[in-house]
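Asks: I would like the atomic coordinates for the input below:
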Amino acid sequence: MKLAVASSLAALLLVLCTLPSARAVTLQVEPKTTECFYHHFEADKGAKFFWQVVRGGLLDVLVQVKYEGVHSSAATLGRVIFEKMHFEGEEEGFYEFRSGEAGIYSFCFNNEMARFTAKVVRFKIIASAEWGTDVKGTDDEGAPKSQIEMSARRISEEMDLLELHQQYMRQREIRHRLTAESTNSRVLWLSVLECATLITISCLQVYFIRSLFNKQHISV
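Replies: Numbers count the residues shown, from 1 in each chain. Below you'll find the predicted structure:
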């Protein structure tokens with residue numbers, strides 16, 4: 001019994017160690033431009049797309065997911081399967097879908113509506129077909145997956161989602177801290193300007209009052 005449990009734990013750790021992890025990418029989308037990233041999916045495979053606007057303007061960006069076909073090229077426009085104008089803070093940037101057809105899918109961030117402001121975007125694509133749970137519970141060869149493998153993949157997916165939410169909260173805390181520091185700096189300089197203005201006005205009042213008394217003394 002102990003040997004079986006030890007073997008199961010060893011297999012679980014082995015699967016968790018060998019599972020690939022999707023890394024988050026941070027990029028800057030210049031004004032009047034569109035940045036796209038491409039990923040190949042097999043048919044009927046799950047995917048999760050997360051994004052957030054870290055800084056820039058109103059923290060808004062147009063998000064698009066397109067099916068480019070089997071072979072992507074500049075001539076193909078792609079079929080839009082998801083399009084949304086995202087405003088950071090109003091809702092979480094998340095889109096989950098299953099690839100209806102095998103081929104290349106593009107994930108685009110459109111900042112063409114901005115004239116001068118660049119947007120810094122952080123995003124992550126989790127391809128469940130690579131390491132996540134499968135609805136059919138079978139591998140690509142049709143063999144049934146073991147319960148240990150299914151549990152390991154499910155745990156890995158949930159851990160990755162937890163890491164993503166932690167990164168989102170960390171970026172949100174950094175953005176709010178920068179906003180507070182900027183506000184404090186503006187209040188400080190405004191207070192300095194106010195004090196300088198009051199000192200200048202006081203000095204001018206003293207000067208004019210002394211000038212008035214000097215003129216009266218001369219006239220007498």
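Asks: Can you give me the buried ones in stretch 51-61?
Replies: By neighbour count, with 16 or more other Cβ atoms under 10 Å as the criterion, the buried positions of stretch 51-61 are W51, Q52, V53, V54, R55, G56, G57, L59, D60, V61. For glycine as for every other residue, the C-beta is placed from the backbone atoms N, C-alpha and C.
Asks: So for it, mean pLDDT?
Replies: Stretch 51-61 comes out with an average pLDDT of 87.
Asks: So what touches that stretch?
Replies: Identification of contacts with stretch 51-61 by Cβ atoms under 8 Å, 6 or more residues apart in numbering yields 26, 28-29, 63, 85-89, 92-93, 109-111, 113-114, 117-124, 168, 171-172, 175, 178.
Asks: Among the residues you listed, which lie within strands?
Replies: Residues from these lying in strands, with DSSP state E as the criterion: 26, 28-29, 63, 85-87, 93, 109-110, 119-124.
Asks: Would you mind giving the buried residues of stretch 51-61 as CSV with distance to L77 and secondary structure added?
Replies: Below are the buried residues of stretch 51-61 laid out as CSV (distance: Cβ to Cβ, whole Å; DSSP: H, G, I helix; E, B strand; the rest coil):
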residue, distance to L77, secondary structure
W51, 22, strand
Q52, 27, strand
V53, 25, strand
V54, 29, strand
R55, 30, strand
G56, 27, coil
G57, 27, coil
L59, 28, coil
D60, 24, strand
V61, 20, strand
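Asks: want to throw these into JSON lines with distance to I148?
Replies: Shown next, in JSON lines, are the buried residues of stretch 51-61 (distance: Cβ to Cβ, whole Å):
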{"residue": "W51", "distance to I148": "33"}
{"residue": "Q52", "distance to I148": "34"}
{"residue": "V53", "distance to I148": "40"}
{"residue": "V54", "distance to I148": "38"}
{"residue": "R55", "distance to I148": "43"}
{"residue": "G56", "distance to I148": "45"}
{"residue": "G57", "distance to I148": "48"}
{"residue": "L59", "distance to I148": "43"}
{"residue": "D60", "distance to I148": "45"}
{"residue": "V61", "distance to I148": "41"}
